[in-house]
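Peer 1: Have a look at this prediction, sequence included:
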Protein chains: 2
Amino acid sequence: MTVTTKWKTDLEIAQETKLKRIQEVANDLDLLEEELEPYGHYKAKISLDVMQRLATKQDGNVILVTAINPTPAGEGKSTVTVGLGQALHQLGKKVIIAMREPSLGPTMGVKGGATGGGYSQVLPMDEINLHFTGDLHAITTATNALAAFIDNHIHHGNELRIDVRRIVWKRAVDLNDRALRHVVVGLGGSTQGVPREDGFDITVASEMMAVFCLAHDLQDLKKRLSCIVVAYNVDNKPVTVGDLGVEGALTLLLKDAFKPNLVQTVEHTPALVHGGPFANIAHGCNSVIATKMAQKLGDYVVTEAGFGADLGAEKFFNIKARLAGIQPAAVVIVATIRALKMHGGVSKQELQNENVTALQAGLSNLQKHIETIQAFGLPFVVAVNRFVTDTEKEIATLIQFCEQHHYPVALTEVWEKGGQGGIDLAEKVLDIIENGTNRFAPLYDVNEPIPDKIRKIARIVYGAKDVQFTSKAQKQIDQFTELGWDRLPICMAKTQYSLSDDPAKLGRPTDFTITVRELKPSIGAGFLVALTGDVMTMPGLPKHPAALNMDIDEHGNAVGLF
Amino acid sequence: MTVTTKWKTDLEIAQETKLKRIQEVANDLDLLEEELEPYGHYKAKISLDVMQRLATKQDGNVILVTAINPTPAGEGKSTVTVGLGQALHQLGKKVIIAMREPSLGPTMGVKGGATGGGYSQVLPMDEINLHFTGDLHAITTATNALAAFIDNHIHHGNELRIDVRRIVWKRAVDLNDRALRHVVVGLGGSTQGVPREDGFDITVASEMMAVFCLAHDLQDLKKRLSCIVVAYNVDNKPVTVGDLGVEGALTLLLKDAFKPNLVQTVEHTPALVHGGPFANIAHGCNSVIATKMAQKLGDYVVTEAGFGADLGAEKFFNIKARLAGIQPAAVVIVATIRALKMHGGVSKQELQNENVTALQAGLSNLQKHIETIQAFGLPFVVAVNRFVTDTEKEIATLIQFCEQHHYPVALTEVWEKGGQGGIDLAEKVLDIIENGTNRFAPLYDVNEPIPDKIRKIARIVYGAKDVQFTSKAQKQIDQFTELGWDRLPICMAKTQYSLSDDPAKLGRPTDFTITVRELKPSIGAGFLVALTGDVMTMPGLPKHPAALNMDIDEHGNAVGLF
């Protein structure tokens, strides 16, 4: 973010904001009193009954905010999402923001939250970034309860003949804890369980989170949970949650968390903050139930997807929108001068210096993502998230590029100015929804063979020449096809930093091949993960974690959180 | 519980009860609107500001509910606690119940909750027994965050020179998971941390829970957290949370959980349900802050302590009351005919049959606990928690025993009749508070040497002849004394089933010696644990865990939970 010493921190802005009682925010959405379950004065869960009451109401327009490939310079996608919501609110539209809820792990590790920034934040940001309404804790608990049920089943005779070498369900903590990546459990002798290799994922990387985020309702949640493959038996046949008979207990553990969370922005624009899966090993957007509820409660829904358009938007369209029957109305592609310069070859240290040549080189990355959105048949606006270091000449270069290609483009200053800094963007978004062409369709048919689906994504979205499959992946494709798992959408696990599978290749790499090393069935979530490299599902902490600065003041308020 | 087929289950009674909005319950306590943070419609957290506003108000009378040594027959201590609170409420007294909050682990494992039963329950029992307001999740998270900080410190150079063989801080899950008792973490090579032996406790057994429950306020919580000993360095010197510099972050993680939770009983009597440490490895009662807040909000506080009086009440007096400056007003000792018969030698299968001889033999257990309460200088009432299988002759025998010794005694039928079934008990409790003699004092001075304090507990409370210390324990006593840790109260970890350290010795064993095998410093909590046997700090699940019966119905309500 564009913080200089004289500027306020995100936490200071958050703590200075006088929030409305959440009941007032709910009243503006015409929620009934009994549909709101307050969690403190400024957070609430919304009853699923809303969906029945408003079943026949027309769905609101979904605006997806995505971005170019992320760089260490930061793009401010969440900030633009919140700012755009606030701008639409200022224009008198009935708008709701739908966002992911943050994981605690990164909060403890690296300074920087996931709730927007400056005057475009969802609040109370300290609570949202800490325990919030406990959703992630419920998901962690369900994940670990399932693991305990598996080990307990084996300990008490193993009727299902689970092969302890082939248990694929991992435990979870919502923390960055590298020491838990590879562990051995069940040590200590015959009364302490059966020894085996195991590991912990961070909660947001668990299939439990993906299942939670793709379920339409509680019954669908239970059905998906029962389909989760937890292990293979000694005959190499899949063993599911349904085989263990614990889908009811897991649904019970998740039923309250499953209700979307209502909060507000700095400008009191309503926001549903709910669910938050990884965008590589999973699909990277907030829960289906929150998006669909937002569509019932508002005429416009501003939502975002993780990382760049090659990962987040692709999955939003091919997985979430498809499974949930969501028809997106428009797309915003966020770019910054700083990040484009990095894609053009400038190092982080030299970002302050004007460099139009590098900017022009970096525009190729933006161009590719625009082509991707066009391939999905959707209208879009390029949002240039302005930083104080951007020069007039650089801005002019970017604007000129967009105008030459007839790409709608808007400058935004939502960090500094809140919704007022996003009015131009909001007006252009409204214009393309009204007047743009929308021929939205997913890129592939789920009934196509697995390799064909992966090739379509790699060629159309990444610009790859071809896809290679390792012999392991090829074998898995045959096995999954035999098991009837081939008719599912694909969830690509690829580096977020590059359009290719090599994080060092910035800009718009060409003439490259994507290698699929391995596949991972997420049958509960309802997709197959295709891994193109090592995917980190449990981050570590840095040498000086952000936690060292955290504290409470004499009134019990958070200090040193961002 | 006395459930027969025609009777309603606890969950049915709970779900049929029409609850008051939690704001109404709070109004009855004269809480200010801004002091209440609702969590849904029937749960709330209470701001710590209450303590300042009511600082000069006289403290309410604390009534401690304890019991004989528990048996598989059940005593219904929580049910009597709730029932007594309801009875005092019916008598027009300003009363608040203060109870522990349940752990999720046992809920998933064995049918039976920790929220009372029948018409003497705290509600909403399903939510209280599941995630409630997230306190246990916050404590689990703080416990695991601390473990991650330790391993991260070692991974990044280990400036504190922590000996990886001497890390005493364990991770936690709030589940019954035997496979996590003994694990090896940090496997996988040099980028994945440093391999070492580790283990997980159930959250309620972690020192984090004990610290949480003994802190007076947030600043005291932070101070106690910083004193937690997490490891020893290569010179065998203790390494604390303060040395790691993360006490601020841990306090931040716990700050919201630290606010007591307000709920209501079946009869709308207010109850604070907050904190719940084990009663062997820790002190086994709800948080100090909840008890002290209840004393400010009510004239009478009915609270309970874990297991029998030899563990729960002893620690309530010697640890909690001492550290918190609480002066108890009266004690209720719960006994049942069934449990007394088991102490007299009857097996669980034969409990239905009248057996006055066995009952008379079992009365020795009650007698010993009465003597213990007398040793603390407190007035008491014996509460006979009546079951349908009790015969008139058995009841008469027990009443006669009490009357012969001039022990106040009351029959209670609070499971079936709610507060109405506890009126006699309530009246007798009010009488002893008004007219009884109260010369309360802890049994020992904290400045006495460690072995002297342990001997006093063993002789006076258990009726032991003497205490033996293993050479390991003796060495630790010397070491702790050298470190200045000797001036702390003692937390005995002993079997709950017997007054002795042998769970098979029921009734009132005599002529026995207690063996202290090992000591464990809980410097953050502020006590030394003396272990007299193997203490289970991570339970396992049975072959057919209760989770197999759990589900949601078509309206999303809990099914099969108790």
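Peer 2: That came through fine.

Peer 1: so where's chain A uncertain?
Peer 2: For chain A, the stretches with pLDDT under 70 are A:1-6, A:111-113.

Peer 1: how about the residue sitting nearest the centre point of chain A, what does it touch?
Peer 2: Nearest to the mean C-alpha position of chain A, by CA atoms, centre = their mean, lies A:G284 at 2.8 Å. Counting by CB atoms under 8 Å, 6 or more residues apart in numbering or on different chains, A:G284 makes contact with A:R100, A:P277, A:F278, A:A305, A:G306, A:F307, A:L311, A:G312, A:K315, A:F316. Yep, even glycine has a C-beta here, placed from its N, CA and C like the rest.

Peer 1: Would you mind listing the residues in contact with the residue lying closest to the third one once chain neighbours are set aside?
Peer 2: Closest residue to A:F278 apart from its sequence neighbours, by CB to CB, 6 or more residues apart in numbering or on different chains: A:A205 at 4.7 Å. Contacts for A:A205 (CB under 8 Å, 6+ apart) come out as A:A172, A:P277, A:F278, A:I281, A:A282, A:T537, A:M538.

Peer 1: just A:F469 next, same as before
Peer 2: Here A:F469 is in contact with A:P451, A:I477, A:T515, A:V516 (criterion: CB under 8 Å, 6+ apart).

Peer 1: Double-check that A:A138 belongs to a helix.
Peer 2: Yes. Assessed with DSSP: H, G, I helix; E, B strand; the rest coil, A:A138 lies in a helix.

Peer 1: Report how many residues lie close to it.
Peer 2: For A:A138, the neighbour count with other CB atoms under 10 Å in any protein chain shown is 23.

Peer 1: Please save the CA atoms from stretch A:384-397 in PDB.
Peer 2: Written as PDB, here are the backbone C-alpha positions of stretch A:384-397 (Å, rounded to 0.1, in the frame of the first residue of the first chain):
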ATOM      1  CA  VAL A 384      -5.600   1.300 -12.600                       C
ATOM      2  CA  ASN A 385      -5.000   1.400  -8.800                       C
ATOM      3  CA  ARG A 386      -3.000   4.600  -8.400                       C
ATOM      4  CA  PHE A 387       0.000   4.900  -6.200                       C
ATOM      5  CA  VAL A 388       1.700   8.100  -5.100                       C
ATOM      6  CA  THR A 389       4.900   7.100  -6.900                       C
ATOM      7  CA  ASP A 390       3.200   6.800 -10.300                       C
ATOM      8  CA  THR A 391       4.300   9.600 -12.700                       C
ATOM      9  CA  GLU A 392       1.900  11.400 -15.100                       C
ATOM     10  CA  LYS A 393       3.900  10.000 -18.000                       C
ATOM     11  CA  GLU A 394       3.500   6.400 -16.800                       C
ATOM     12  CA  ILE A 395      -0.200   6.900 -16.200                       C
ATOM     13  CA  ALA A 396      -0.700   8.400 -19.600                       C
ATOM     14  CA  THR A 397       1.200   5.500 -21.200                       C
END
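
Peer 1: got the buried residues for it?
Peer 2: Of the residues in stretch A:384-397, A:V384, A:N385, A:R386, A:F387, A:T389, A:D390, A:E394, A:T397 count as buried by neighbour count, 16 or more other CB atoms under 10 Å in any protein chain shown.

Peer 1: For it, which outside residues touch it?
Peer 2: Defining contact as CB under 8 Å, 6+ apart, one finds that stretch A:384-397 is touched by A:2, A:4, A:75-76, A:79-80, A:334-338, A:341, A:351-352, A:354-356, A:359-360, A:398-399, A:409-415.

Peer 1: What about those, which are in helices?
Peer 2: Among the contacts of stretch A:384-397, the ones falling in helices (DSSP state H) are A:T79, A:V80, A:I337, A:R338, A:K341, A:V356, A:L359, A:Q360, A:L398, A:I399, A:V414, A:W415.

Peer 1: So which of those reach chain B?
Peer 2: Filtering these for proximity to chain B by CB under 8 Å from any CB of the partner chain leaves nothing.

Peer 1: Just the buried ones from those residues, in ChimeraX syntax?
Peer 2: Command for ChimeraX, covering only those of the ones in helices among the contacts of stretch A:384-397 found buried under the criterion 16+ other CB under 10 Å:
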select /A:79,80,337,338,341,356,359,360,398,399,414,415
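
Peer 1: wait, which of the ones in helices among the contacts of stretch A:384-397 is closest to chain B?
Peer 2: A:T79 (23.8 Å; CB to the nearest CB).

Peer 1: re earlier: how about the contacts of A:F469, which pair is most distant?
Peer 2: Within the contacts of A:F469, A:I477 and A:T515 form the most distant pair, 14.0 Å apart (CB to CB).

Peer 1: Which one's more surrounded, those two?
Peer 2: Between A:I477 and A:T515, counted using other CB under 10 Å, the more crowded position is A:I477 (21 against 17).

Peer 1: Let me see the contact set for the more buried one.
Peer 2: A:I450, A:P451, A:F469, A:D486, A:L519.

Peer 1: Could you export those residues as TSV, including distance to B:A67 and secondary structure?
Peer 2: Below are those laid out as TSV (distance: CB to CB, whole Å; DSSP: H, G, I helix; E, B strand; the rest coil):
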residue	distance to B:A67	secondary structure
A:I450	62	helix
A:P451	67	helix
A:F469	66	strand
A:D486	61	coil
A:L519	57	strand
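
Peer 1: Neighbour-wise, which one of the residues you listed leads?
Peer 2: A:L519 (25 neighbours).

Peer 1: quick one: contacts for that one?
Peer 2: Contacts of A:L519 by CB under 8 Å, 6+ apart are A:I450, A:A473, A:Q476, A:I477, A:F480, A:L528, A:V529, A:A530, A:L531.

Peer 1: tell me which of those is nearest to A:G463?
Peer 2: For the contacts of A:L519, the nearest to A:G463 is A:A530 (17.0 Å; CB to CB).

Peer 1: Angles on the backbone of that closest one, please.
Peer 2: phi -110, psi 110 (degrees, to the nearest 10).

Peer 1: So it versus A:A473, what's the distance?
Peer 2: Using CB to CB, to the nearest Å, we find A:A530 at a distance of 8 Å from A:A473.
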